[in-house]
Every structure is written in C-alpha cells, then in structure tokens.
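> My questions are about this predicted structure, shown below with the sequence.
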Number of protein chains: 2
Amino acid sequence: MLALAAAPVRAETPCCATGDLGLIVERATGSLVVVDQSERAAIGRIEGLGDLSHASLVYSPDERYAFVFGRDGGLTKVDILAQTVVKRVVQAGNSIGGAISDDGRLVAVSNYEPGGVRVFDTDTLDMVADIPTGSKTVGLVDAPGRRFVFSLWDAGETWIADLSGPMPKITKLTGIGTNPYDGLITGDGRTYIAGLFGEDGLVRIDLWAEEPEPRRILPHYGRGREKLPVYKMPHLEGWALAGDQFVLPAVGQHEVLWMDARDFREVARTPTHGQPVFAMARPGGRQVWVNFAHPLNDTIQVIDSQSHEIVHELKPGPAVLHMEFTARGTEVWVSVRDADRVDVYDAATFEKLGEIAAKSPSGIFFTARAHKIGL
Amino acid sequence: MLALAAAPVRAETPCCATGDLGLIVERATGSLVVVDQSERAAIGRIEGLGDLSHASLVYSPDERYAFVFGRDGGLTKVDILAQTVVKRVVQAGNSIGGAISDDGRLVAVSNYEPGGVRVFDTDTLDMVADIPTGSKTVGLVDAPGRRFVFSLWDAGETWIADLSGPMPKITKLTGIGTNPYDGLITGDGRTYIAGLFGEDGLVRIDLWAEEPEPRRILPHYGRGREKLPVYKMPHLEGWALAGDQFVLPAVGQHEVLWMDARDFREVARTPTHGQPVFAMARPGGRQVWVNFAHPLNDTIQVIDSQSHEIVHELKPGPAVLHMEFTARGTEVWVSVRDADRVDVYDAATFEKLGEIAAKSPSGIFFTARAHKIGL
C-alpha cells in the first residue's frame, strides 16, 4: 500500500473494528481528527489534505477508507485504521463534493474549474472516466446501479451517468431551471432534487420512471421577489426525511418548511431562531435538529416532527457548523468551530456527554454512512 | 478478554475493518462462518454455539461482536475479528430471538421456557434485569431510548420495557389478540406490529403516541375459516418496507400482500410460486425478493414494488432458507441449505457472482445491521 503523504499519529496500526469510527474535518489546517464514538474520544489525526473549506467525504464499504473532496480539487484517500494518507491526487482546479458508487468501486468528483465530473478507481485513484459538461457541475450524488447524478450550473441541466457498462452512458435532462446550485437524492435512491439559485422553486426527478423528467415543486421556495439577504444558501444535503415529511431550511427566512414526502406539497412551517443551514433528522425521524447562519450560529433548535413545534433549544457555542447523529440516533455530535471543540449530546435527554478538542472543526462524518445510499 | 470456548481458525488476530463482514449460521453443527463481502469469501469459522436451529444474532455498534441467540437458551458473544467465542451463557431452557439496545449497552433475550425476558450487559454478559411475564415471550425488538418491546403468547399482551433509568419501567398493553406469535418494528422505530396465531388480523402499536394502544389491521390476514395447511408461519422479520408499502407473506397462501405504509390498508396482492416465507426488499425498495416454504423452497421470485409483478425467477437449489442484501443493495446472498452453499447474486442483473461453502446454512447476517433500528 502506498503512503505518499503519511502523517501517522500512532507508530503501529491498531487492530480495531471500524463500525463506530468517524472523521472530523479541521478546515483551517487541512487535517482530519479520527474519532471513536464508543469512547467519545479522538484517537488520532491525519494531516496533509490541502484546502478543506467546504470539504466532504465518503467511506468505502468496509468502513476503512475515506475519500476526501477538498475545495482545491484534491481527492485524498485516507486509511482510518493506519491513520495515514494512502494517496492524494489534485484532479481539478476547484471542486465541490463527490460520491462513491453503490458497489464501492468508483468515486466521482464534481468540478467547478474546469467543470465536469471525473471518476476514479477507489483502489488506485486512477481516473477511469472523464465527463466534461461545459459547465460548473454541482449536486453530485450516487444512485443505485453504479450511477451518478449531477447538475450543470450554467446550462440548467441534470445528467445521469450510468457506469455499469464498459463505457459511461449519459442521460441528459434539459430545462431543469436557472442555475441549479445543489442537489440531493433520497435515501431510497428514487428521487433527485435540485435547488435553483436563479429562480424560485425546486426541481425533482423520479429516477424510477421509464423516462425520467424534471418536475417543479414548491414554486414559492426561494428568495422570492424581495431578494432577501441570504447569509448562506442552505445545503440540500441538510434536508431530512422525518417520517412522512421532508424538512428543509427556507432560503433567507427564519423558518423551516415541512413537505409531504409523497406529493411534495408544503404542509407546515416552523418559525426558527435564525436562517437555518442544516435540518438533520434524528435517525427514526422523531425530532429534527437545526443550526443557523451567521450571526445567529451559536444556537441549535430541536423540532418535533409531528407537532412541528420547537421542543428544545441549546447554545453550544460560537459557530455551530455541523451535526452528526450516531447510527441509531442515541447521540448527536456538534462541531463548534470557534470554540475549537466538538460536543457530544444525548439526543433524547439533551444532556452533554462529552467534548473533543479539534481545530476549527466543520463536517463530522461517521463510518455508518458507508452503508447508505446517497451519503 | 475471556475465551471460554475458543475455536480460532487463524493463529493471530488480523487487522481489518469490519464494515463488510458477516456471519452465516450453520444450524446443524452449531457454528458460524465468518465472511468478507468484498472478497465474496469465507474467512473463518467459529464453533461451539450449541443448538442454532432458528438462531438469530445482532451486532455491537463497532461491528466487532455478535450476540447469538440459540434455541437452547444459549446466549453467545463472539468476536468476529479474533474469530472466537468470547463468552457463552445458557440463560434459559428454550429461547427465541433477542435484540440489542440502541446504545449497544444491553442485549435482551426472549424466552419460551421459563418465559419472560432477560437483559444482559453487552460487555460482560452479566444479567442486569429479569422480566418475568408468566408466558412464553415472542416478537422481541429494540426501540429507540433503550427500550425493548415484546409480546406474550399466552396472555395476549404487548409490553414495552424502558431500561433508560436505574430500574426497568414496564408499560403493559392488554387485549392485543389471541396468541401473538411474532413481532416486528419499523425501521424508524415508530410502529410495532404483532402477528396473531389464534385469530385472523394483526395488531399495530404506534410507539410515538402519548398513550400507545393496540389497533387491529388487515382483518382478513391469517389462516381464515378454511384453516389451510400452513407449512411454515411466515417470519414477520421478513416483512419489508418497499417505498410507500409494506410487503408481507400471506399465511398459508401462494401470494404476498402489499399494504400502504401510512394507513395500513391492503393495496394489492401478487400470486407467487409457493407459500412465501421471507419477502425482503432490496435496499431502496425497488424490488422484493421472496423465498418459499417446503416443498417449493428451491425457488426465489423477484417482484417489482411498483407494478407488483414478478420480474424474475431463479432456482438456486434445494432449501433456500434466507436472503441478505449488501447494505446498499448491490448484491444478495442466498443460503441454499441442502446444497451446503451460499450463493452470491448481482441484485440488478441477477447474474451469479460466486458461492461459498457452508454446512446447512440458514441465516445470513451482515454487520451493517449494527447501524439499524430493529435489526
């Protein structure tokens, strides 16, 4: 195994199971903290990952390797058992997110500059497909059947790339709307939804249809005529399926929206403390935890998915950037960037169970994501 | 660490990740085959587990340990990395299934003889709670909040045991129906459903309600007036949530039933090859794979969850007992008991990808179950 930029914290590789591990992105220092959920502790650090602002990552099916998508076009494979960088390639000038195929064989990266999507072998990080789009590319997700779905900012298109055969097969859906800026796929791999920056509303695509086609939903979702100041466009990855409903952050408003998961109609709104950034459902969907944009980003509110009422509020500290639940929803881990700390809460009692030091932490990613479609 | 009945296949513990491992029950020999999904290979065997007919098992959150529930009242903790028995207790005379709490700290076993539920510490297997019920106890599942739910065959009751505090808090629901014989909990931890042997229909309990109460559903589900010969009562664990529907094996009939997941009404029936035993949804819910009771148990049918039509049929061999999907639904592993073999199929193309030798294999359990409510 290659170790081109190794920075091991431990001298020897520990023998341990990987089902309860995770990685925390340290955005300012280009490093990752390796954490053990069961111990509620950091067990190491991996360094040398470049620009990790807006970084995200995905896991291999065995929950040993992570593929980290940096903003600088870097794609880095890390070994969380050995706590080393296995390989790093700078595959573009500016990239935004990626995905791993359902079979764990391919990892795809979405690029701003030069645009397009590039696909790599997860063993070697050799490029196996280059899909130019002539556009900034956003909202890249995996779909069942070795497929990737992504949207073209400049062209207003969504493409479905099927890599199950020897050559990529591309299906292009046009006219999805002006300037898609992000996308998500539902946990069953059926519905792709893209947010639009250039107009109100969203677009959804039923990937189970014989001929998938874009359909508009929530026509009033967006900045509206008033062109409100938006401190941060909400991440669509922060949408949550809570029981029979999606909950999503309203753009520029102090509220979250509840949408029926079958007919995609709005069913309720909940006024919130600030402009929501992530609305994360506790596994099972009984509650939703919401964090907020600057300058109100020291607070989290917990909303009941049945009554749509706020049942708890907590103030972990300055700049709450991300929240991640343990797989069965017992705990939630919260990154408090400007306190250089990740807090651990009991998701049922809201009791604080522990904290972990981390430098300017942003995204928290537990290995259980390896087993889920679209994460 | 204790190793009371160790039977290691390897001399030393390998360092490996555990996200893609699994165990196959060898019912006749009281042993488990350790498998690696990514390699499609057996990597060891663990012996000395007693009577494994109707055995099931659950995993610790780190995906390293399994807790195996034998028919002989044996509760065995095994280490899948070291491939050894860590500890074994015979906690009752005759038991049927168990569950692990959402936080991974407690494992509960459901007993026929002497009846009741016993709860053990997952670290030590020391008993921490004994819940006598005065009845054979069945349909034991975990629910969020360190709770277990189970039903009383003789008394027609369902009990909810909350172990989040220092003493177990028991809520008893009476009059659920005559002779509940099995139960399941939905993946969101909200709905408990019990099957009734003594009368037609099923009972569901909304665990999110302030005052949970039993409600009857599918009043015509059951053996009916004709008292058809039932070769095997279908496992309720074999119920699957496929998109917006549950699919469930009809009792004694050659058909599966489709039930709306919101209002619990029957929406369709699909005629099948034989009496269905398990109806397992491919992750995402696009298709459902069904196996059948003796003497038609050499066959699997694959049903489309949208059209309710059979889209494929395969005949793996004599006595197909169980099917398990890889976490993101790319493959399905099938135990063919009387061929002493587990077959691996591509779940999309139905191509056979490999086979693994095992002695009279029954249940197949992948470690990804560790991360799910109710499995």
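Nice, I can see it. Numbering: from 1, shown residues only, chains lettered A, B, ... in the order given.
> mean confidence score for stretch A:16-25?
Averaged over stretch A:16-25, pLDDT sits at 95.
> how about that stretch, does it reach chain B?
Yes: counting by C-beta under 8 Å from any C-beta of the partner chain, chain B is contacted by stretch A:16-25 at A:16-20. In this view, the C-beta of every residue, glycine as well, is placed from N, C-alpha and C.
> The nearest residue to A:A281 once chain neighbours are set aside: how many residues sit nearby?
In this structure, A:A281 finds its nearest non-sequential neighbour in A:A240, 3.5 Å apart by C-beta to C-beta, 6 or more residues apart in numbering or on different chains. Around A:A240 there are 22 other residues, counting by other C-beta atoms under 10 Å in any protein chain shown.
> was I right about A:A240 contacting A:V256?
No: using C-beta atoms under 8 Å as the test, A:A240 is too far from A:V256 to be in contact (9.5 Å).
> who touches both of those two?
A:247-248, A:279, A:288 (C-beta atoms under 8 Å, 6 or more residues apart in numbering or on different chains).
> Lowest pLDDT pick from the residues you listed?
Lowest pLDDT among the shared contacts of A:A240 and A:V256: A:L248, 88.
> give me the element that one is part of.
Per DSSP states H and E: A:L248 is located in strand A:245-249.
> Mind listing the strands the least confident helix or strand in chain A by mean pLDDT pairs with, and their directions?
Lowest by mean pLDDT, DSSP states H and E among the helices and strands of chain A is strand A:240-242, with a mean of 75. Here strand A:240-242 has these sheet partners by DSSP bridges: strand A:245-249 (antiparallel).
> Would you mind identifying the next helix or strand past the strand it pairs with?
strand A:255-260.
> if we can go back for a sec, other residues contacting the least confident helix or strand of chain A?
A:186-187, A:246-248, A:261, A:279-281, A:285-288, A:305.
> Could you rerun that using 7 Å?
A:186-187, A:246-247, A:261, A:279-281, A:285, A:288, A:305 (C-beta atoms under 7 Å, 6 or more residues apart in numbering or on different chains).
> among those, who's most crowded?
Result: A:A279 is most packed of those (other C-beta under 10 Å), 28 neighbours.
> Distance check, that residue against B:T18.
To B:T18, A:A279 is 31 Å away according to C-beta to C-beta, to the nearest Å.
> again, but for A:I356
22 Å.
> Now render the residues of stretch A:16-25 next to chain B as TSV, adding distance to A:F197 and secondary structure.
Converted to TSV, the residues of stretch A:16-25 next to chain B look like this (distance: C-beta to C-beta, whole Å; DSSP: H, G, I helix; E, B strand; the rest coil):
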residue	distance to A:F197	secondary structure
A:C16	44	coil
A:A17	43	coil
A:T18	38	coil
A:G19	38	coil
A:D20	38	coil
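> so where do the strands sit in the stretch 1-150 of chain A?
A:21-26, A:31-36, A:41-46, A:56-59, A:65-69, A:74-79, A:84-90, A:94-100, A:106-113, A:117-121, A:127-131, A:137-143, A:147-152 (DSSP state E, counting those that start in this stretch).
> out of the ones you listed, nearest to B:D123?
strand A:31-36 (15.5 Å; C-beta to C-beta).
> what are the pairing partners of that closest one, and which direction each?
Sheet pairing of strand A:31-36 (DSSP bridges) gives strand A:21-26 (antiparallel), strand A:41-46 (antiparallel).
> Quick one: residues in contact with it.
A:20-26, A:41-47, A:49, A:78, A:80, A:83, A:356, A:358.
> swap the cut-off to 6 Å and go again
A:21-24, A:42-47, A:80, A:83, A:358 (C-beta atoms under 6 Å, 6 or more residues apart in numbering or on different chains).
> from the residues you listed, which would you call buried?
A:21-24, A:42-47, A:80, A:83, A:358 (16 or more other C-beta atoms under 10 Å in any protein chain shown).
> Nearest to B:P212, out of those residues: which one, please.
Distances from B:P212 to these, taken by C-beta to C-beta, are shortest for A:G22, at 33.8 Å.
> so the closest residue to A:Y112 other than its chain neighbours bridges to which residues?
Spatial nearest neighbour of A:Y112, excluding adjacent residues (C-beta to C-beta, 6+ apart): A:N94 at 4.2 Å. Listed by DSSP bridges, the beta-bridge partners for A:N94 are A:E113.
> what sits against A:P144?
A:102, A:189, B:284, B:329.
> mind checking pLDDT for it?
Per-residue confidence (pLDDT) for A:P144: 96.
> Spatially nearest residue to it (excluding sequence neighbours)?
A:G189 (4.4 Å).
> wait, the one you found sits on A:L375?
No: counting by C-beta atoms under 6 Å, A:L375 is not a contact partner of A:G189; they are 11.2 Å apart.
> which of these two has more neighbours?
Neighbour count, other C-beta under 10 Å: between A:G189 and A:L375, A:G189 has more, with 27 against 20.
> Okay then, goodbye and thanks.
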